[in-house]
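S.K.: what shape does this take:
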Amino acid sequence: METKYTLNGAERGICSKGCSPCCHQLNSYDYLADLPDNAEVTDLVEVQFKNTRKGYYHNENHLDLAKGDIVAVEASPGHDIGTVTLTGRLVELQVRKANLRSMDDIKRIYRKARPVDMEKYEEAKSREHATMIQSRQIAKELGLEMKIGDVEYQGDGNKAIFYYIADGRVDFRQLIKVLADTFHVRIEMKQIGARQEAGRIGGFGPCGRELCCCTWVKNFNSVSTAAARFQDLSLNPQKLAGQCAKLKCCMNYEVDQYIEASRRLPSREVVLTTMEGDYYYFKADILAGLVTYSTDKRLASNLTTITAQRALEIVNMNKQGEKPDTLDNSVERAPQKPVDLATQDDLTRFDKRKKKKKKKPRPAQPKNEA
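M.R.: The predicted structure is shown next:
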C-alpha cells in the first residue's frame, strides 16, 4: 500500500517532517527525515538564529527535538536562543559543507526554551534596531569609515554582535570601548561583505522572487563580467548589479552551459567567403546554435541567419579554397503569418448572456354563454 504524506492537510507526495517553518531564511528540506531511526544516528542538531546565522550543537541530554523547537544553547558567555532547523543524518552533511575549523568547537544544547528564557529573548531583540541606529551615530562621531548594517543580541542579552561593512582595515578598539560603556553588554565586531548584508536584510530581485542570498545561497562565489560576456549580456552596470550593488550571483547559474554551447560555434573573427561576397559575424543565439552574418563589417546590412553547422561547413570549404554559391543553402519558405485569434470567432462569446425569461401564457378566459 502506497504511503501518502500530507503537508498542511494537502497531499504533496513529500514528507511533512522534512519541511522547515517558513519564518526563517536558508531553510533546507530534510529528504532523510522519514527514514527509520533518523534522529538516533547522530546527536548533532542544526540551530538557526537571526536571519542567516546558523550553528551546530550536540544534543548531549538526548532531548526529543523536532524542527521548529526553540532551544537554549551554550554560548560564550551565557546562553543563546535559537530554532531547530535540522536533525538526524543530514546535519552531518551540513557540518562537512560548513568546513568547521574543529569539531571540538561544537557546543551543546542546554534545554528547550522556557517562558523565562523567551521573555529575556524578546526583551533583547526589541533593543536591536535602536542599538543599530545609535551605534552608527557613534561610529560617525569617531570618524570611522565603516557601516554597521545589523545588530544581533544574544538570547540572554549579555552580548551583542555588530555586523559591519568596510572597504579597508578599521581600528575599532575605541569604538568597542564606547559601545560597551553605552549599552553595558559584551561587544563582538564581525565584518561581512555586501552580499552577506543583502542576505541578512532580505529583499526581492528583478525576477520577482526573494533574493537567493537570503533563501538558499550559503557560499558566495566570485562573479566577473566574463560571465556576462559569455552570455552576450549588455554590459550595463544598472542591469547587472543586484540589490547589494555587486554583480548578480545568478549570472553564474547558466554560464557553464553557455561556455559549452559556444564551443560549437565558429570564431567571431572568421570571415565567411561566398560567391556573393564576404560575410562578417554580427550576433549569435548561443543556445539555439544560430549565427547571424552581415555583409558590412560595422553595420547591420543584408543580415542572414544560418546554423552553426552550416557556418562550419563554409569555414572548411574556405580553407580548401572553395566558395559556396550562397551563404544559406536552405530552401526558402514563405513566412507564416501570425494567426489572429480575434478573427476566428466572436469575442462576445466570453460574455455571459442573460437568459430571456419565457413569458408564461395567459390562462384562457371563459367565454360568456349567451
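
S.K.: domain-wise, how is this structure divided?
M.R.: What the record gives for the chain is the domain set 6-113, 114-220, 221-262, 272-319, from automatic domain parsing.

S.K.: can you put these in TSV and add mean pLDDT, mean neighbour count and distance to residue 361?
M.R.: For every residue, glycine as well, the C-beta is placed using N, CA and C. Conversion of the domains of the chain to TSV gives the following (pLDDT from 0 to 100; neighbours: other Cβ atoms under 10 Å; distance: least, Cβ to Cβ, whole Å):
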stretch	mean pLDDT	mean neighbour count	distance to residue 361
domain 6-113	79	16	53
domain 114-220	90	16	60
domain 221-262	90	14	72
domain 272-319	91	16	69
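
S.K.: now those domains as CSV including distance to residue 326?
M.R.: Supplementary listing: those in CSV, determined by distance: least, Cβ to Cβ, whole Å:
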stretch, distance to residue 326
domain 6-113, 55
domain 114-220, 42
domain 221-262, 26
domain 272-319, 6
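
S.K.: can you check which of the ones you listed gets nearest to residue 362?
M.R.: Nearest to residue 362 among the domains of the chain is domain 6-113; the distance by Cβ to Cβ comes to 56.3 Å.

S.K.: strands along the chain, start to end?
M.R.: With DSSP state E as the definition, the chain shows strands at residue ranges 6-7, 10-11, 44-48, 54-58, 70-74, 79-87, 107-112, 147-153, 159-165, 186-191, 272-274, 277-285, 290-294, 304-307.

S.K.: now for the domains of the chain, which one comes closest to residue 327?
M.R.: Of all these, it is domain 272-319 that lies closest to residue 327, at 5.1 Å by Cβ to Cβ.

S.K.: and that closest one, how far apart are its ends?
M.R.: 10 Å (Cα to Cα, to the nearest Å).

S.K.: coming back round to it: out of the domains of the chain, flag the one nearest residue 363.
M.R.: domain 6-113 (56.8 Å).

S.K.: the protein: helices as residue ranges?
M.R.: If you assign secondary structure with DSSP state H, the helices in the chain sit at 89-98, 115-125, 128-141, 173-183, 194-201, 225-230, 237-240, 255-262, 308-319.

S.K.: redo the strands of the chain as TSV? Include distance to residue 328.
M.R.: Supplementary listing: those in TSV, determined by distance: least, Cβ to Cβ, whole Å:
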stretch	distance to residue 328
strand 6-7	54
strand 10-11	53
strand 44-48	58
strand 54-58	57
strand 70-74	67
strand 79-87	57
strand 107-112	69
strand 147-153	56
strand 159-165	54
strand 186-191	58
strand 272-274	10
strand 277-285	10
strand 290-294	9
strand 304-307	5
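
S.K.: now do residue 77 against residue 159, distance only.
M.R.: Using Cβ to Cβ, to the nearest Å, residue 77 is found at 7 Å from residue 159.

S.K.: find the residues that touch each one of those two.
M.R.: Common contacts of residue 77 and residue 159 (Cβ atoms under 8 Å, 6 or more residues apart in numbering): residue 186.

S.K.: circling back: which one of the strands of the chain lies closest to residue 323?
M.R.: Sorting the strands of the chain by Cβ to Cβ, the top spot, which is the nearest, belongs to strand 272-274 at 5.6 Å.

S.K.: quick one: list the elements packing against that closest one.
M.R.: With contacts defined as 3 or more Cβ pairs under 8 Å, 6 or more residues apart in numbering; DSSP states H and E, strand 272-274 has these neighbours: strand 277-285, helix 308-319.

S.K.: contacting residues around residue 37?
M.R.: Contact criterion Cβ under 8 Å, 6+ apart gives no residues in contact with residue 37.

S.K.: same check, this time on residue 182
M.R.: With contact taken as Cβ under 8 Å, 6+ apart, residue 182 is in contact with 134, 138.

S.K.: can you check residue 61 too?
M.R.: Residues in contact with residue 61, defined by Cβ under 8 Å, 6+ apart, are 108-111.

S.K.: related to what we said a few turns ago, could you export the helices and strands packed on strand 272-274 as CSV, including distance to residue 152?
M.R.: What follows is the helices and strands packed on strand 272-274, written out as CSV (distance: least, Cβ to Cβ, whole Å):
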stretch, distance to residue 152
strand 277-285, 48
helix 308-319, 53
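
S.K.: mind checking the ones you listed for the one nearest to residue 177?
M.R.: Residue 177 lies closest to strand 277-285 among those, at 60.4 Å (Cβ to Cβ).

S.K.: the inter-axis angle of the closest one versus helix 255-262?
M.R.: The directions of strand 277-285 and helix 255-262 differ by 160 degrees, with axes from the mean of the first three to the mean of the last three Cα atoms, to 10 degrees as the criterion.

S.K.: can you tell me the strand partners of strand 277-285 and which way each runs?
M.R.: Paired neighbours of strand 277-285 in the sheet (DSSP bridges): strand 272-274 (antiparallel), strand 290-294 (antiparallel).

S.K.: can you say which of these is nearest to residue 178?
M.R.: Go through the strands paired with strand 277-285 one by one with Cβ to Cβ and the one that ends up closest to residue 178 is strand 290-294, at 63.1 Å.

S.K.: what does the closest one rub up against?
M.R.: With Cβ under 8 Å, 6+ apart as the test, strand 290-294 has contacts from 265-266, 272, 279-285, 300-308, 311, 327.

S.K.: try 6 Å this time
M.R.: By Cβ atoms under 6 Å, 6 or more residues apart in numbering, the residues outside strand 290-294 that reach it are 279-280, 282-284, 300-301, 303-305, 308, 311.

S.K.: many thanks, I have nothing further to ask.
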